[in-house]
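[1] Here you go, sequence then predicted model.
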Amino acid sequence: MTILSPGEAKAILHDVLGYSKADGCEVHLDGSTTGNIRYARNTVSTAGSVTDLTLVVQSNFGQKMATATINEFDDASLVKVVRRSEELAKLAPENPEFMKILGPQKYLETKGYFESTAKIDAAYRASVAAASIGPCREKKLVAAGYLEDTVGFSAMANSKGLWAYYPSTDIDFSVTVRTEDGTGSGYVSRDYNDAAQFDAERASAIAMDKAMGSRNARAVEPGKYTVVLEPGASVGLLQNMMFNFDRRQADEGRSFLAKPGGGNKVGEKIVDERVTLYSDPTVAAIPASPWAQDGRRHEHVAWIEKGVVKNMYCSRYWAQKNEAPAIPFPANGVMEGGDASLDDLIAGTKRGVLVTRMWYIRTVDPQTLLYTGLTRDGTFFIEDGKIAFPIKNMRFNESPVIMLNNIEELGRPERINGNLIPPMKIRDFTFSSLSDAV
Amino acid sequence: MDRREFLRLSGIGVGTLMVPVFGTPRTLFGATTPIPAADKKVLADAALDAARGKGATYADVRIGRYLNQFVVTREDKVQNLVDTESYGVGVRVIADGTWGFAATSVVDEDSIAKTAEQAVATAKANAKIQQEPVQLASVKGVGEVSWATPIEKNAFDVPISEKVEMLMDVNAAALEAGASFINSIFFLVNEQKYFASTDGSYIDQDVHRIWPTFTVTVVDPETGKFRTRNALSSPMGLGWEYLDASPRGKVLGVTTRYGSRYDMKEDAIFAAKQTQEIMSAKTVDAGKYDLVLDPSHLWLTIHESVGHPLELDRVLGYEANYAGTSFATLDKWKSKTFNYGSGKVNLVADKTQPGSLGAVGYDDEGVKCKEWDLVKDGILVNYQAIRDQVHIVGEKESHGCCYADGWDSVQFQRMPNVSLRPGPEALAVDEMIKDVEKGIYIIGHGSYSIDQQRYNFQFGGQLFYEIKDGEVTGMLRDVAYQSNTQEFWNSCVAICDQRDYRLGGSFFDGKGQPGQISAVSHGCSTTRFNGVDVINTERKL
């Protein structure tokens, strides 16, 4: 068992810091047990469990810094890893952007650990696979899915007295259900910290319905359509947008948030005023670590408020140089929405396309955040408020910035990939070609 | 971690650089000498004996030491030096007709024997839900053999100071030539792998790979516009000699391209100048064009539209929930008439090409590597298959393309090198361009996206040159092309000859759940495709 209590982790890190001869020393201890089961063609293909405990030691002499890691924990190994990081640091060139390690911090309380997930065993994993495979066999459908569960902890300490500890659990599930003749395909994914919230049979049923409903899809002409995007469809574009919220990139003029003439777009309205996007590790539905890898606090941070850019994440070096807030990269994300359900959004759509999922999203132009990708595993035409028929998948070329300027309606946010994202109704979404893929 | 994730974390193309640390760092001045094979044989036998003792009908053991080194810089600063080592043992067995796998980082006889027993226990547990027993193609034991990447200079033996100086020199040259920013990186890999199996093989291999790369950015602060150009290098199965900048690696033309040797400083200077040129280049008119695709670009199209759809596990549905399935279904292969491409298209798989990322003596289940046809004269003739799959395509010998990305990962079917054979008749790039009335000459790989069955794709590039009436008339920007795999390869009308043949490749090809990465090369000569749809990617916010 490698899930150490705060006391056990602190004792090891205290010993490690005791061996340090550097100007500064920062140590991380991460332990986890991850189990998985993978199935395809209605049978289990692989299953396993990996336990790991890793110590990371960062030493610095002035502005020379290096890192070493080890996964052995006898005293000799602990001394060895500290000396290695110190030897490497002495060889490293001076880095004028190196920032001294932080002193003690006060962190928010977050609950990301649930016993329901920690106690998952092989039998539970097999039951999840069975919850997909059994019903699929009965209906002559073919399931391919994957379940991964993790119980772990992260601890951090340094020679200036900083101490942090965060235990957490996660369960990630996805299943693709296809018809035997390969003409229909459906998908669902679920992720939780608390496995008690997970219902494998119910989730699998959604993928099965989409698979059966998407048979014999018709082709529609590519072009601009009103789309209803399930959270699983829009999350990829939104995450990609957040990857580009780095302040230094914008200040250097190489970001969609760079301002012509210099500077960045903090304070500028860039999307529809109904868009509010923030991070907060204490949101109960998506709990996250209250501290970042370099010890900075994760707190409530508004990125976009009523369409206006409020904050950008920023390294400590760049923040100090530019007198900007040193906000770490977010640990989660919330996009506010409304009360409407996905069905309500569909019911209010005269003519449009319902998208289950977007796939293979890649940057085309970072200046406009233009991305390309394809719909997958359940794309349907909406007519007069109802799903009228399945349609063939299409490639899109679209920017999340343009998408968030074309909002018709936002629904009730749901958890997806550790974030809360609403279903969205968007006008003039750009599809550029048809795909034969099912 | 998939390629995209790695590129994001390592910050290629962006400013913030963080390189993930794999395994345990090795001291920079530590020994890179592999452990003696005789010592590893003793350990391997402990695993094989234990597995047999518990009832395994087959077992293999991989004792692996995996070394990585990254040197990460931007402009005049070294941002990170990372030197890692990961050492351990993975044991795979068949018991009750079912696979089982277990791994340990504690490398002694007792621990390895226990790990083998655990693998057998897992196999027996999984046997209860197994539908069909494993059918393993036979392999004749090869006894004690060894293989090493034929490098001239071990990159791990080059002092850190020399590597830092080289990147600082490259960066300074790019800035001097007009770049606003440059991020540059050396990635070095050394896999010291020992494989043993109950077939009677004891195979010791020392595999080296290298990838020097950069991104140059030019910013116009007034307009807020910026453009980038990535290195035209390739990741290679070579040592430090790849960076010797010798003329023998250079292909001259509208810009210099590189083969088995790379001149990083020269390329960075070209990149800085060309990125400024891109800023004022003409935006493309959307429409149909004949495309002339340089190997530095076409390798990625081959990778996505040929390499992946012909992985047999995808075809069968084992990757349905992640990477997807394939349009190249078994019925198309069985028909022996499926026109994957035009009659000029011959696509071949191998793990033997010197300098390639896929080259090894034996794969990760002890099969001697070879070359085989995938598409012959335009017709789909085969897939990529390993020992437990080849019976599906009616063969008795594995293709030898099984790989695991670490001692703690279970080996499975991974893409070998997949390459387009050069044209049999003499044809140079200039001669090819002379015949094109309305075309675009594309160099370097850029944005890429393809659907989950590998029909519809869209690719960008680094450099786009307009061709009018047989002449290159200037640079274009905002170019991407879209096509359907079968339609695209059937529009192939000409392939330059062997003289233009070069390798491109991916260091971080992702597959599987949990995900594994692998490195793979794709060779080709400059190739022409007629009447391909080109879109304009410019947008206004």
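    All right, it came through fine.

[2] burial count for the residue in the stretch 1-150 of chain A positioned nearest to chain B?
    Here the residue of the stretch 1-150 of chain A nearest chain B is A:Ala144; by CB to the nearest CB that distance is 3.7 Å. For the C-beta atoms, the positions are set from N, CA and C on the backbone; glycine is no exception. By the criterion of other CB atoms under 10 Å in any protein chain shown, A:Ala144 has 31 neighbours.

[3] dump the residue contacts of A:Ser435.
    Each residue near A:Ser435 by CB atoms under 8 Å, 6 or more residues apart in numbering or on different chains is listed here: A:374-375, A:392-395, B:451, B:455-456.

[4] before we move on, back to that, in terms of helices and strands, where is the residue of the stretch 1-150 of chain A closest to chain B?
    strand A:141-158 (DSSP states H and E).

[5] and that strand, which strands flank it?
    Using DSSP bridges, the strands paired with strand A:141-158 are strand A:24-40 (antiparallel), strand A:163-179 (antiparallel).

[6] how far is that strand from where the chain is centred?
    Relative to the mean C-alpha coordinate of its chain, strand A:141-158 is positioned 13 Å out (CA atoms, centre = their mean, to the nearest Å).

[7] and it, what's its mean pLDDT?
    Averaged across strand A:141-158, pLDDT comes to 97.

[8] ditto for stretch A:120-128
    Per-residue scores along stretch A:120-128 average to 91.

[9] is that stretch up against chain B anywhere?
    Yes. In terms of CB under 8 Å from any CB of the partner chain, part of stretch A:120-128 sits within range of chain B, namely A:122, A:126.

[10] domains of the chain?
    Picking chain A for this. A:6-211, A:217-438 (automatic domain parsing).

[11] wait, chain B
    B:3-215, B:283-536.

[12] ranking those domains by mean pLDDT, which is last?
    Minimum mean pLDDT among these: domain B:3-215, a mean of 84.

[13] Point out the residues in the stretch 151-300 of chain A that sit beside chain B.
    A:174-176, A:178, A:182, A:187, A:243, A:246, A:248-249, A:252-254, A:256, A:258-262, A:270.

[14] Among those residues, name the buried ones.
    Those of those that meet the buried threshold are A:174-176, A:178, A:187, A:246, A:248-249, A:252-254, A:256, A:258-259, A:270, by 16 or more other CB atoms under 10 Å in any protein chain shown.

[15] Greatest separation within these: which pair is it?
    A:Arg178 and A:Lys259 (47.7 Å; CB to CB).

[16] coming back round to it: can I get the strands paired with strand A:141-158 in TSV including mean pLDDT?
    Shown next, in TSV, are these (pLDDT from 0 to 100):
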stretch	mean pLDDT
strand A:24-40	92
strand A:163-179	98
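
[17] most neighbours per residue, which of the ones you listed?
    Across the strands paired with strand A:141-158, averaging neighbours per residue (mean count of other CB atoms under 10 Å in any protein chain shown) puts strand A:163-179 on top, at a mean of 23.

[18] Can you dump the C-alpha atoms of that one in PDB for me?
    Taking C-alpha atoms only, strand A:163-179 is exported to PDB below (Å, rounded to 0.1, in the frame of the first residue of the first chain):
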ATOM      1  CA  TRP A 163       4.100  21.700   3.600                       C
ATOM      2  CA  ALA A 164       1.200  20.400   1.500                       C
ATOM      3  CA  TYR A 165      -0.800  17.200   1.300                       C
ATOM      4  CA  TYR A 166      -3.700  16.200  -0.900                       C
ATOM      5  CA  PRO A 167      -5.300  12.700  -1.100                       C
ATOM      6  CA  SER A 168      -7.700  12.000  -4.000                       C
ATOM      7  CA  THR A 169      -9.600   9.300  -5.900                       C
ATOM      8  CA  ASP A 170     -10.800   9.200  -9.500                       C
ATOM      9  CA  ILE A 171     -12.800   6.900 -11.700                       C
ATOM     10  CA  ASP A 172     -12.800   7.300 -15.500                       C
ATOM     11  CA  PHE A 173     -15.100   5.300 -17.700                       C
ATOM     12  CA  SER A 174     -15.800   5.400 -21.400                       C
ATOM     13  CA  VAL A 175     -17.500   2.900 -23.800                       C
ATOM     14  CA  THR A 176     -18.100   2.900 -27.500                       C
ATOM     15  CA  VAL A 177     -20.900   0.700 -28.700                       C
ATOM     16  CA  ARG A 178     -21.200  -0.300 -32.300                       C
ATOM     17  CA  THR A 179     -23.800  -2.200 -34.200                       C
END
